[in-house]
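> Below is the sequence, then the predicted model.
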Amino acid sequence: MATILQDLWNFFYLQTWDTGLVFINLLTPKIKKGAMYKEGQPGYNGLWPEFIPPNPETDSRSPCPGLNAMANHGIIPRDGRNIPLPFLAEALEKTWNLGAPFCRDTCNSVRKLYKKDTLDLSDLAKHNIIEHDSSLLRSDTFFAPDQTIPDKHLIERLLESATGPATPEHPEGQVTPKDLGKALSLRFAESRRDNPEFSLKFLHAFFAYSNASVFYEILGGDVKTLRIILEKERIPDGYEPFMRSRKGLTMKKQYFRAAHIWFHTNTKLKLKNNEMANEAETQN
């Protein structure tokens, strides 16, 4: 009973806090370019700590490129092990301009799902806890047991699907919410067709839309940025989050963007056995 009451209290507390940040973001100007990071912080003046690729023999990594990049730059422990969840929440907030309630809620969920207060990044690769089939960036566990390795084919396919035009802010184009919806449609259909052990519970489908929405908001769908972060798991020099609201990405904004992507997703798309991806995309 005490646990249920604590969970309810945390839910209403974080949602109320988050709602307040929504209004602050609406009423205050966005952070100017070049002013996202304070002196002494990683990212200040466009400079990030040294990138060091992980040692596969000793270092722990996850299916999440953003977390892996943080470890590769030493923003969180480089070995990716025994990371205190409160420390991780603060690091996520400062690195990617995610709202404090969003980060707190995410780490609370991790604590409940894994039943511990520290995290090894590889914990997130355990199948059907947070990691799930039909990921945008990883083949299903049935085909790729090591979910910490980027799937360059899937990443490149996603980037090539970008329909957003090239602009000064997006010099190589932009992956739009509609593009993300189509990409998820294709991944759901591929997994149903090809994976004999396919499963996707409601919670994991929710994670898929949530991940895509965060991915869009903080990386702006920018193809140039995405190629470096997703394939190399490195933060580009000069990078600042495309989410420039004063109080960061709120849970409410993330819910809206997830719904936007879901609206463009065809969960009933079916592929024939010999159907190619580009043919399927024209049906969606």
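Here it is on my side, so go on.

> Ends of stretch 26-34, what's the gap?
Start-to-end span of stretch 26-34 (C-alpha to C-alpha, to the nearest Å) is 21 Å.

> Oh, that last question was meant for stretch 16-35, not what I typed.
Stretch 16-35 end-to-end distance (C-alpha to C-alpha) = 28 Å.

> Over to stretch 147-162?
Across stretch 147-162, the terminal residues are separated by 24 Å (C-alpha to C-alpha).

> contacting residues around that stretch?
Residues from elsewhere that reach stretch 147-162 (C-beta atoms under 8 Å, 6 or more residues apart in numbering): 61-63, 65, 68, 121-122, 125, 127, 131, 135-139, 141, 144, 173-176, 179, 182-183, 187, 221, 223, 226-227, 230-231, 233, 277, 281. For the C-beta atoms, the positions are set from N, CA and C on the backbone; glycine is no exception.

> Same check on stretch 243-250?
Against stretch 243-250 from outside (C-beta under 8 Å, 6+ apart): 18, 21-22, 24-25, 28-31, 33, 36, 93, 96-102, 214, 217-218, 220, 253.

> And the longest helix along the chain, what does it pack against?
Using DSSP state H to define each element, the chain has its longest helix at helix 2-27. Counting contacts by 3 or more C-beta pairs under 8 Å, 6 or more residues apart in numbering; DSSP states H and E, helix 2-27 packs against helix 100-114, helix 251-263.

> got JSON lines for those helices, with mean pLDDT, distance to residue 49 and mean neighbour count too?
JSON lines is the format used below for those (pLDDT from 0 to 100; distance: least, C-beta to C-beta, whole Å; neighbours: other C-beta atoms under 10 Å):
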{"stretch": "helix 100-114", "mean pLDDT": "96", "distance to residue 49": "20", "mean neighbour count": "18"}
{"stretch": "helix 251-263", "mean pLDDT": "97", "distance to residue 49": "27", "mean neighbour count": "18"}
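
> any chance of those in a markdown table, with distance to residue 10 too?
Formatted as a markdown table, these follow (distance: least, C-beta to C-beta, whole Å):
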| stretch | distance to residue 10 |
| --- | --- |
| helix 100-114 | 6 |
| helix 251-263 | 13 |
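
> for stretch 120-129, which positions count as buried?
Across stretch 120-129, burial judged by 16 or more other C-beta atoms under 10 Å covers 120, 121, 122, 123, 124, 125.

> Report the mean confidence score over that stretch.
In this model, stretch 120-129 carries a mean pLDDT of 97.

> list the contacts for residue 199?
With contact taken as C-beta under 8 Å, 6+ apart, residue 199 is in contact with 128, 133.

> With residue 198 instead?
Applying C-beta under 8 Å, 6+ apart, the residues contacting residue 198 are 133, 134, 140, 142, 191, 192.

> How is it assigned, secondary-structure-wise?
coil (DSSP: H, G, I helix; E, B strand; the rest coil).

> Angles on the backbone of it, please.
Dihedral angles of residue 198 (phi, psi; degrees, to the nearest 10) stand at phi -60, psi 140.

> Please, which helix or strand holds the closest residue in space to it that isn't next to it in sequence?
Excluding the flanking residues, the one nearest residue 198 by C-beta to C-beta, 6 or more residues apart in numbering is residue 191, at 4.8 Å. Assigned by DSSP states H and E, residue 191 belongs to helix 177-194.

> Which strand or helix spans residue 154?
helix 152-160.

> Poorly predicted segments of the stretch 51-200 of the chain, please.
Nowhere does the stretch 51-200 of the chain drop to pLDDT under 70.

> Quick one: the buried residues of stretch 120-129 as a markdown table, columns for secondary structure and distance to residue 148 too.
A markdown table is the format used below for those (DSSP: H, G, I helix; E, B strand; the rest coil; distance: C-beta to C-beta, whole Å):
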| residue | secondary structure | distance to residue 148 |
| --- | --- | --- |
| 120 | coil | 11 |
| 121 | helix | 8 |
| 122 | helix | 7 |
| 123 | helix | 11 |
| 124 | helix | 9 |
| 125 | helix | 6 |
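
> so how far is residue 25 from the closest residue to residue 29 other than its chain neighbours?
Computed as C-beta to C-beta, 6+ apart, the closest residue to residue 29 that is not its neighbour in sequence is residue 246, at 7.6 Å. For residue 246, the distance to residue 25 (C-beta to C-beta, to the nearest Å) stands at 6 Å.

> Those two: which is more packed in?
In this view residue 246 and residue 25 are compared by other C-beta atoms under 10 Å, and residue 25 has more residues nearby, 20 against 14.
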